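Visitor: Dropping a prediction and its sequence here:
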Amino acid sequence: MASRTTAPVTAHPAGTRAGATRGSGFRVVAAVLVLLMLSSSVPSALYVLYQQRWDLSSGLVTVVFAVYAVTVLAGLLLFGSLSDTLGRRPVLGASLVLAIVSMALFAGAQGPALLLTARVVQGLAVGLATGAMGAALLELAPPSRPALGAQVNSAGPTVGIGLGGLGAGLLVQYAPAPTALSYLLLVGAFALALVGVARMPESAPGAGGRPKVVPHRIRVPAPVRRRFAVLVLTVVAVWSVGGFYLSLGPHLALSLLDSTNYLVGGATVALLAGAATTAQLLLGRTPALRTALLGLGGLIAGLGLVLVSLGIGSAWVFLAATAVLGAGWGAAFLGAFRALSALAEPAHRGELTAAVYVFAYLAMSVPAVLAGVLTNVHGLHRTSVGFMAAVAAVCVVALLVTLRLARRTPAEGSPA
């Protein structure tokens, strides 16, 4: 028998291993965030095809869209704090299982009933995951880059929405099984993400306790209600635009371009989201109120250009308007959300954030449904003109009152 020699031991300090595990966990959660947002925008690229194949009205299309927004809000308010006691991993795992079920339902849908069911399940999956993802990204962010968690939380949704719109548009136009392939690919992606979540470290300080489903309180502290009302007006304007574009935007783009290429619809969503992401990354260190004001200016300019494009029937002006609108959208939401988050004490920040989400998802869903119903009566072109003009008016009011707030309270203009 050969003599046993002692091989040199390679040093792997526990801190290094922990750091590597933490880093891999951060990447997994970031991927889950992008995948969930990507999957949420895939139906937007298919709505026109659904309308053609199943003879759906624009009103029903916007109802399908709004059902998602309402169920996301319900899931967030009911289960947003569940991961604080149960842990981030179990909640993210359950969310991914629901996401897989929703993708399977989408792939098998042959009419609006299953489409609505799939959207409900998808909304619950996203609502369940939102609180856990946001917290895990902050907890697992690299110590050398502590702000990275907040940056991914901010930019991840628009990155996912853009990729989903563009990817689905490509597959619908150029690949087989246009109403199923995108969803089947996402089933595989979510399954891989589920493996990653199972292997990631648990980051919740109180994980392992008894599960508690405690609905988020919706409360705005009395001393900040006036400022909240001013800032939330920007959130309403931003998500009214987002809801319209994600539900009827692809149809409008195809109409203006006089095209039957479904990639155009997906590219419109991608252009809006891509411009929003770029603006958020560029303005990440700009003071909150200044960012909101810049964003509102971009929204007003973009909405004005959309109205011009509809007036002259120019597709190229519409695409330029979408890029400007997207930049304003991203900046306005980033600035308003940061300013709103700074209004409450840390102990009550969750309650105030829940109130912001209520306004955001209602603004995303209710105006979109109203626009869909009006489209059935007045047509897409006239409804779009009226909708954009109304949102532009809201943006002007929001700009004026936010500017007044910034002048009265200069300290609010500092980074939040």
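Guide: Arrived safely.
Visitor: these two touch, right, Ile168 and Ser40?
Guide: You called it Ile, but residue 168 is Ala. No. The pair Ala168 and Ser40 does not pass the contact test of CB atoms under 8 Å, sitting 10.9 Å apart. For glycine as for every other residue, the C-beta is placed from the backbone atoms N, C-alpha and C.
Visitor: neighbour-wise, which of the two wins?
Guide: Ala168 (31 against 25; other CB atoms under 10 Å).
Visitor: Report the contact partners of the more buried one.
Guide: Applying CB atoms under 8 Å, 6 or more residues apart in numbering to Ala168 gives the contacts Ser41, Val42, Pro43, Ser44, Ala45, Leu46, Ser182, Gly266.
Visitor: repeat that for 7 Å
Guide: The contact partners of Ala168, taken as CB atoms under 7 Å, 6 or more residues apart in numbering, are Val42, Ala45, Leu46, Ser182, Gly266.
Visitor: Wait, the first one touches Leu163, no?
Guide: Right, the one you point to is Val42. No. Counting by CB atoms under 7 Å, Val42 stays clear of Leu163, with 9.7 Å between them.
Visitor: tally of neighbours for the residue nearest to Ala175 when sequence neighbours are not counted?
Guide: Setting aside the residues directly before and after it, Ala175 is nearest to Leu181 in space (CB to CB, 6 or more residues apart in numbering), at 5.3 Å. Taking other CB under 10 Å as the criterion, the count of residues near Leu181 is 15.
Visitor: for stretch 135-155, which positions count as buried?
Guide: 135-141, 148-150, 152-155 (16 or more other CB atoms under 10 Å).
Visitor: More neighbours: which of Val42 and Leu163?
Guide: Legend: neighbour count by other CB under 10 Å for Val42 and Leu163, higher for Val42 (26 against 21).
Visitor: Quick one, grab the pLDDT at the more buried one.
Guide: With respect to pLDDT, Val42 has a value of 94.
Visitor: what about Leu186, helix or strand, and which?
Guide: When secondary structure is defined by DSSP states H and E, Leu186 falls within helix 181-199.
Visitor: hey, C-alpha coordinates of that helix in PDB?
Guide: Extracted in PDB, the C-alpha atoms of helix 181-199 (Å, rounded to 0.1, in the frame of the first residue of the first chain):
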ATOM      1  CA  LEU A 181     -43.900  28.600 -27.800                       C
ATOM      2  CA  SER A 182     -43.100  31.700 -25.700                       C
ATOM      3  CA  TYR A 183     -44.900  30.200 -22.700                       C
ATOM      4  CA  LEU A 184     -43.400  26.800 -23.100                       C
ATOM      5  CA  LEU A 185     -39.900  28.300 -23.100                       C
ATOM      6  CA  LEU A 186     -40.700  30.200 -20.000                       C
ATOM      7  CA  VAL A 187     -41.800  27.000 -18.300                       C
ATOM      8  CA  GLY A 188     -38.300  25.700 -18.700                       C
ATOM      9  CA  ALA A 189     -36.700  29.000 -17.600                       C
ATOM     10  CA  PHE A 190     -38.900  29.100 -14.400                       C
ATOM     11  CA  ALA A 191     -38.000  25.500 -13.700                       C
ATOM     12  CA  LEU A 192     -34.300  26.300 -13.800                       C
ATOM     13  CA  ALA A 193     -34.900  29.400 -11.600                       C
ATOM     14  CA  LEU A 194     -36.700  27.100  -9.100                       C
ATOM     15  CA  VAL A 195     -33.600  25.000  -8.900                       C
ATOM     16  CA  GLY A 196     -31.500  28.100  -8.300                       C
ATOM     17  CA  VAL A 197     -33.900  29.300  -5.500                       C
ATOM     18  CA  ALA A 198     -33.700  25.900  -3.800                       C
ATOM     19  CA  ARG A 199     -29.900  26.200  -3.600                       C
END
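Visitor: buried residues in the helix or strand that comes right after it?
Guide: Stepping forward along the backbone from helix 181-199, the first helix or strand reached (DSSP H and E) is helix 225-247. By 16+ other CB under 10 Å, the buried positions in helix 225-247 come out as 227-228, 230-247.
Visitor: Any chance of the contacts of Ala168 in CSV with distance to Thr353 as columns?
Guide: What follows is the contacts of Ala168, written out as CSV (distance: CB to CB, whole Å):
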residue, distance to Thr353
Val42, 27
Ala45, 30
Leu46, 32
Ser182, 32
Gly266, 31
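Visitor: Can you tell me which of the buried residues of stretch 135-155 is closest to Arg22?
Guide: The closest of the buried residues of stretch 135-155 to Arg22 turns out to be Leu140 (CB to CB; 5.3 Å).
Visitor: contacting residues for the closest one?
Guide: Leu140 is in contact with Arg22, Gly25, Phe26, Val29, Ser203, counting by CB under 7 Å, 6+ apart.
Visitor: Of these, which pair is most distant in space?
Guide: Distance extremes for the contacts of Leu140: the farthest pair is Arg22 and Val29 at 10.8 Å, using CB to CB.
Visitor: And the two? Which one has more around it.
Guide: More neighbours surround Val29 than the other of Arg22 and Val29, with 32 against 18 (other CB under 10 Å).
Visitor: Could you provide the contacts of Ala168 in JSON lines, with additional columns for distance to Leu124 and secondary structure?
Guide: Formatted as JSON lines, the entries for the contacts of Ala168 read as follows, by distance: CB to CB, whole Å; DSSP: H, G, I helix; E, B strand; the rest coil:
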{"residue": "Val42", "distance to Leu124": "17", "secondary structure": "helix"}
{"residue": "Ala45", "distance to Leu124": "22", "secondary structure": "helix"}
{"residue": "Leu46", "distance to Leu124": "20", "secondary structure": "helix"}
{"residue": "Ser182", "distance to Leu124": "20", "secondary structure": "helix"}
{"residue": "Gly266", "distance to Leu124": "25", "secondary structure": "helix"}
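Visitor: sorry, back to before: mind checking which of the contacts of Leu140 land in helices?
Guide: Taking DSSP state H as the definition of helices, the contacts of Leu140 contribute Arg22, Gly25, Phe26, Val29.
Visitor: Could you measure from the last one over to Pro250?
Guide: It stands for Val29. Note on Val29: its distance to Pro250, by CB to CB, to the nearest Å, is 30 Å.
Visitor: From Ala198, how far out is Arg27?
Guide: 15 Å.
Visitor: low-confidence ranges in the chain?
Guide: Counting by pLDDT under 70, the chain contains low-confidence residues at 1-20, 206-214, 216-217, 346-350, 409-416.
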